[in-house]
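Asker: Pasting a predicted model and its sequence here:
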Amino acid sequence: KFNILPTKMGRTRVGDLSPEDMKKIGYISLIELTAYYDALGIELKRNRTVRNKVRESGLFGVPLTTLLENDQKKAPGSKVPLVFRKLLAKLEQTGLQTEGILRVPGSASRVKQLRQELEAKFYEDTFDWDQVRHNDAAGLLKMFIRELPHPLLTMQHLPAFAAVENISPSKMQLQALHLLIMLLPEPNRDTLKALLEFLIKVVANEEKNRMSLWNVSMIVAPNLFMCRGKTAKPQEMQGAAGAAHLVRLLIKYQDLLWVVPCFMISQVRKMNDAAVNKKHQGSDKNKRKLLRRWNAEREKSERNELSVLCPQLSDIREGVIRVHAPLHAKVSMAILLDSETKARDVMARFECDNSNASRSSIRWQKQYLYEVGGNIGERCLDPEAYLLDLHRVNPNCEWVFKPRTT
């Protein structure tokens, strides 16, 4: 069993960061993966993306990005294709405890007919989901993944995923998979996560459905490591068992694999700081800002000297933040931090002080504390994050209490 040790900054999951910062995480991950494979003596192969003519409408055989563009007209903010989510939901409702779920195939002719009906009626909301049996839904789900014009693991990175099987032990395989997950484009990563979250539920019902982690992995692997009927090369993937082993790791350790490494967050902060400093160079206006910044640093230095004589006064001046909560009746609150203050403490205070007013005036949503700006684009905070430590790392950020962006 593998775990990620907690840190003062709290855990950061993929969905906690802004898209701009996640792009930087992708650049860092590629550098790290290249160095990692080189140290292990593994050639990091990357397939060239071939531009073939693809469908721009419909559900099956359509690129994920195109599907999501079409879906967002119907459901703004969609991150996973609606039809994919609906198939997963159907399987959860009717099949989790059914023996042989995913393994027992539906009628090929029936699945073909249902696919045609889905294509014609899905976006019109006239498709009858009651007629879909669990084995039909499983067949359609696997067909959807298999017929993507570009693999869910991407054509570009498929060889790198396959090469993970040549690494040992499992801990080092997980390190490679972790970097590869960070590298995936957002639509692929979000769709893969939705699939893995469903698969772990299947495994959790093994006593009734007779589907062990290994059974599920063996069935799903060919669909992930196949592109329009073409599988990974034998020398890159040692048979079905090798692919199934990787899928088993993805399912079992998905919670760890979607956590962004702390050193990458630190690197993103440095990149953002460097970008701001570069932007500030040159103009008179920016020179004045720089002068003010120097003065602020000098004042900070003076406060540090003062803290030797009067530490309590220094703590009060430096440890106060103002949290903005635009959806609450009390839209902002000044909070004095100490070394033990966590994000969950601030969240609880807002929920306690504003629960009655906010729930009666708006449709209540679960809200989270964010750091916004400074040396980060935006980050949803782990409830266990220590705020005074974070305040020192990003002193110029704003603190916002709001729902997750979807």
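Answerer: That came in fine, so what should we check first?

Asker: Only C-alpha atoms from now on, for both contacts and neighbour counts.
Answerer: Noted.

Asker: how far is stretch 158-169 from where the chain is centred?
Answerer: Centroid separation for stretch 158-169 versus its chain: 22 Å, with CA atoms, centre = their mean, to the nearest Å.

Asker: Now it - C-alpha only, CSV.
Answerer: Presented in CSV, the C-alpha positions along stretch 158-169 are these (Å, rounded to 0.1, in the frame of the first residue of the first chain):
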residue,chain,number,x,y,z
LEU,A,158,0.3,5.4,-25.6
PRO,A,159,3.9,4.1,-26.0
ALA,A,160,5.0,5.7,-22.8
PHE,A,161,2.1,4.1,-20.9
ALA,A,162,3.0,0.8,-22.5
ALA,A,163,6.6,1.2,-21.4
VAL,A,164,5.6,1.4,-17.8
GLU,A,165,5.3,-2.4,-17.8
ASN,A,166,9.1,-2.6,-18.3
ILE,A,167,9.7,-0.8,-15.0
SER,A,168,10.0,-2.4,-11.6
PRO,A,169,9.0,-2.5,-8.8
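
Asker: pLDDT averaged over it - what is it?
Answerer: Averaging pLDDT along stretch 158-169 gives 93.

Asker: and if you look at stretch 129-140?
Answerer: Stretch 129-140 carries an average pLDDT of 93.

Asker: How about stretch 389-400?
Answerer: Confidence for stretch 389-400, expressed as mean pLDDT, is 96.

Asker: Then stretch 321-329?
Answerer: On average, the pLDDT along stretch 321-329 is 89.

Asker: Please measure how far the first residue of that stretch sits from its last one.
Answerer: Using CA to CA, to the nearest Å, one end of stretch 321-329 lies 19 Å from the other.

Asker: Go through that stretch and flag the buried ones.
Answerer: Across stretch 321-329, burial judged by 16 or more other CA atoms under 10 Å covers 321, 323-325, 327-328.

Asker: Show me the two of the residues you listed that sit farthest apart.
Answerer: Farthest pair in the buried residues of stretch 321-329 (CA to CA) is Ile321 and Leu327. Separation: 18.6 Å.

Asker: Okay, now the unreliable bits of the protein?
Answerer: Low-confidence segments of the chain, defined by pLDDT under 70: 1, 49-50, 227-239, 280-291, 294-318, 353-364, 406.

Asker: What about Asp338, how many residues nearby?
Answerer: Asp338 has 15 neighbouring residues, counting by other CA atoms under 10 Å.

Asker: So it is in contact with Leu388, correct?
Answerer: Yes - Asp338 is within contact range of Leu388, at 6.3 Å (criterion: CA atoms under 8 Å).

Asker: and for these two, which residues touch both?
Answerer: Residues touching both Asp338 and Leu388 (CA atoms under 8 Å, 6 or more residues apart in numbering) are Gly319.

Asker: would you list every one of the strands in the protein?
Answerer: Applying DSSP state E to the chain gives strands spanning 226-227, 230-231, 320-324, 332-336, 367-373, 376-380, 398-403.

Asker: out of those, nearest to Leu257?
Answerer: Nearest of the strands of the chain (CA to CA): strand 376-380, 17.7 Å.

Asker: What are the contacting residues of the closest one?
Answerer: Here strand 376-380 makes contact (CA under 8 Å, 6+ apart) with 12, 16-18, 20-21, 268-269, 272, 368-372, 394, 397, 404.

Asker: With just CA atoms, put it into CSV.
Answerer: Taking C-alpha atoms only, strand 376-380 is exported to CSV below (Å, rounded to 0.1, in the frame of the first residue of the first chain):
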residue,chain,number,x,y,z
ILE,A,376,-0.9,31.0,-8.3
GLY,A,377,-3.8,31.2,-10.8
GLU,A,378,-6.4,29.7,-8.5
ARG,A,379,-6.2,26.7,-6.1
CYS,A,380,-9.0,25.1,-4.2
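
Asker: Now for Ala385: which residues touch it?
Answerer: 7-11, 342-344.

Asker: ok, now with 10 Å
Answerer: Residues counted as contacts of Ala385 (CA atoms under 10 Å, 6 or more residues apart in numbering) are 6-12, 340-344.
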